[in-house]
Every structure is written in C-alpha cells, then in structure tokens.
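> model this:
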Amino acid sequence: MSSSSSSSSAAAAGQNQFRYTQTPSKVLHLRNLPWECSPEELAELCKPFGPIIDTKCNVGANRNQAFVEFAELNQAISMVSYYATSSDPAQIRGKTVYIQYSNRQEIVHSKTVGESAGNVLLVTIEGVEAGDVSIDVLHLVFSAFGFVQKLATFEKTMGFQALVQYPDQETATAARDALDGRSIPRYLLPENVATCYLRISYSAHTDLNIKFQSHRSRDYTNPYLPVNPTAIEGTTQGPDGKKVELEGNVLHANFENAQYPITVDVLHTVFSAFGTVQKIAIFEKNGGTQALIQYPDVTIAALAKGALEGHSIYDGGFCKIHLTYSRHTDLVVKAYSDKSRDYTVPIPSPIGPIPSPQSQSQWQNPSQSQPPPFHNGAGQPAYPPGTGPYPVQQSQPGSFQQNGTGSQLRPPHYY
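Here you go, the predicted structure:
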C-alpha cells in the first residue's frame, strides 16, 4: 500500500464520525463528496456491487452529500461491509467518501404528503428527560450536516423536543433523512440513558426568535445576543468529572405514586417544617403533578431537600417526594388560588365568621364526631385510616417523624 493510501486510511479512521446502530437498507448515505458530484460518478463507485436504480445528489449546505439506491438489499450490504473492512477507502476524485445506511428504504424526491419541507426541523427526543441531552450535544449531532443557525429546546406533551434551524431546506432535508429514527451515539449520552431515538419532521417556522443565549436556546448567528442570567444551566462539573447540581432557594418537586390530592396547604405543612415558605406554585406537567417551593435562602432549601428527598407524604408510599433545585430565584404567582400561594402578602379574609379556636381544636380530638377538615364530600375522610393531610409532626425546627423503616413521613398522633 502506498504512503498516500496509508495516510488516507488513517485520516478516515481518525475522523470523528457518528456511528449509529443501523438497520441495513437499499439506500446508502454518502458524505464528503467532491463539489457537484454527478450521478455518473456515484454509479461508477457503486458499480462493483450492483446496479444503481436511483440517486439524489448535491444535498446539504456544502452540496457534498448524496443518496444512492441499489436494486437489491444484499448489494448495499456488500458495499458497506467491503469499505468497513478494506484498507483502501472509497474515493471520488481523490476525496475519501464516508458511507452508511440510510433509514429510508427508497429515495423520495417529492415532499411528504401533508408536510411541507422547510429549513426548520422539529425534533422529538425519545427515551430521555429534559436535561439528559444538552443543547451542545444536539448542536454537535445536527452540525454534521451543515451550519446550524439557531436551536431551541422545550418540553411538550410529546416529551423533550427541539427546533433546529438550518440556512436552507436542502440542508434540513439531508439532516432529516440521515437522522430520523436514529439514536444519538452512546458516548454522547449520560450513563442513565441507554438509547435516545430522534423523530424528525418539518416545522412550520422559518426563522426562530431567540431572545437569549441559554442552556435551552442558542442563536449561532448572533454572538452579541445577551445571556439570560436566570437560564444558565443549573449544573457544573465536580472534581470527578460528574455533574454537580448547583443549589438554589427554589425547590422543584415531583411526586411518585400520587394517589391523593396534592394541595397548597399540604405542601405548606410539609415544607414549612424546615423554615419559612415564601411561595408555592403547583402545576401539571408530563402527565403528573409538580410544584415549585420558594424559601428565603439557599440554606433552608438545602436542609429541606436533604431531609425530604425520597420520603412519602402519606403512609404506604403515597406521594413520594423527589426534589431538585430550580433555576428560578423568585416565583411570580397569584397571591391566593387553588394552585399557588404567596405567603409574603396578606391572605384575604374568608367570607363568613372565622372559626373560633375552640371549634378548630375539635378537629384534633379523635373523640369528636365532626369529620376531619379534608373529606370527600360525603362525610368520609378522603384519606385511608392512619393518614391525612398533616404529614409532618414537628418536634424540633427542621425535624420530622419517620416510621420504622425511615422511608415515609408519619401523620400526627391526633389523626
């Protein structure tokens, strides 16, 4: 083998390429082609393995990619297998060509029925939670097919999604054809994610409006765009290289096995055991109830997070609490509603007479016949015997009672 061939092979082996777990297809995706590569040149390269029945040339921002379709599947497999093991790389006009299977079984030249091709892609990332795949990883993946102008990530009912803007429709189409149905390379994913499949369609957007550079949005065409100080990624690297969560005064709560209502009053009872709760906001997201709880400072939030993480509000493992720090520092909520409360402003007086302390004390007396303050409307408690909406019995500031297993909060002795 000549020295030039050896250097070409080394360059081909050393180049950082995305290697997906691929299903064989009659359609092959070719990259790094010379400028204005013709169908005849592609056919000549593929001729030793079988006849080409269709081609799609000069796609991508640099017009250096193409798709070729063989008549038979085994012909495409033969070509991929040969160049995967050969010491001499595939070349056209002296340029090394990189070959992989397409996720398409045939080349499609027309637009998909009911979908207009455009320069912005809507990407659904399956099998991950928000934060598992960073915006930098997405930029790395999609930049393999051309210049990414803008990127925005968000969460919808479909899960974690992103909008990726390219300069033109051809580049977006090349990225869509190559990546749709593929998994992001394993080495780019965190340890807790095994596979991460991309489902890609065209978006109706043509120019994304990015207001800030942050961990959720980027405008790569405007280096002077301001950075949103409240949207910087809430993690950093520790000495061992692993991500370490930055602390904050607002906690983000998720609830596992939420079989009973999670109300503002219940959360205030739980979280105020560790210090003054300033604000609470409850919302529905990804099919479950979540909440934001604001403390006056990071110290109290860290104390509450360490004490409550993994514990259940009710006996039996109901409403198990999972906590992370939120990037928010000051919640904007309605002062008094069913889903939010601002304890820093006066609470409006209730309509009608305020119950006397004597009548309130009867709720705490098991010998009284009145139902507990939380009931199902039929005079029956809405919670199983031995539980209730009072999960924390505070004997000392910042303390709470545990049951014998130490995994759940216990209701007070009077309920």
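
> in the protein, which spans are helices?
With DSSP state H as the criterion, the chain has helices at 3-14, 39-46, 73-85, 135-142, 169-179, 264-271, 298-308, 357-363.

> Which one of those helices lies nearest to Gly127?
Proximity to Gly127 (Cβ to Cβ) singles out helix 135-142 among these, at 14.1 Å. For glycine as for every other residue, the C-beta is placed from the backbone atoms N, C-alpha and C.

> now for that closest one, which elements pack on it?
Contacts defined by 3 or more Cβ pairs under 8 Å, 6 or more residues apart in numbering; DSSP states H and E place helix 135-142 against strand 120-126, strand 150-156, strand 159-165, helix 169-179, strand 217-219.

> if you set the cut-off to 6 Å instead, what comes out?
strand 150-156 (3 or more Cβ pairs under 6 Å, 6 or more residues apart in numbering; DSSP states H and E).

> if you compare the helices of the chain, which one is most tucked away?
Neighbour counts (mean count of other Cβ atoms under 10 Å) averaged over each of the helices of the chain peak at helix 169-179, with a mean of 23.

> mind showing which ranges of the stretch 51-200 of the chain have poor pLDDT?
61-62, 109-115, 157-158 (pLDDT under 70).

> The spatially closest residue to Asn32 that is not a sequence neighbour pairs with what?
Distance criterion Cβ to Cβ, 6 or more residues apart in numbering; nearest residue to Asn32, sequence neighbours excluded, is Tyr98 at 5.4 Å. Taking DSSP bridges as the rule, Tyr98 bridges to Arg31.

> Let the chain start at 25 from now.
From this message on, residue numbering opens at 25, which makes the last subject Tyr122.

> Counting neighbours, what do you get for Tyr122?
17 (other Cβ atoms under 10 Å).

> Can you pull the poorly scored residue ranges out of the stretch 275-424 of the chain?
Using pLDDT under 70, the stretch 275-424 of the chain drops low at 371-424.

> so can I have JSON lines of the helices of the chain showing distance to Thr148?
Converted to JSON lines, these look like this (distance: least, Cβ to Cβ, whole Å):
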{"stretch": "helix 27-38", "distance to Thr148": "33"}
{"stretch": "helix 63-70", "distance to Thr148": "32"}
{"stretch": "helix 97-109", "distance to Thr148": "28"}
{"stretch": "helix 159-166", "distance to Thr148": "12"}
{"stretch": "helix 193-203", "distance to Thr148": "12"}
{"stretch": "helix 288-295", "distance to Thr148": "32"}
{"stretch": "helix 322-332", "distance to Thr148": "31"}
{"stretch": "helix 381-387", "distance to Thr148": "49"}
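
> closest one to Leu213 among the ones you listed?
When the helices of the chain are ranked by proximity to Leu213 (Cβ to Cβ), helix 159-166 comes first, at 7.9 Å.

> which residues sit against that closest one?
Contact with helix 159-166 is made by 172, 175, 177, 186, 188, 199, 208, 212, 239, as judged by Cβ atoms under 6 Å, 6 or more residues apart in numbering.

> what's the most distant pair in these?
For the contacts of helix 159-166, the farthest-apart pair by Cβ to Cβ is Ala199 and His239; their separation is 22.0 Å.

> so who does Thr79 touch?
63, 66, 92.
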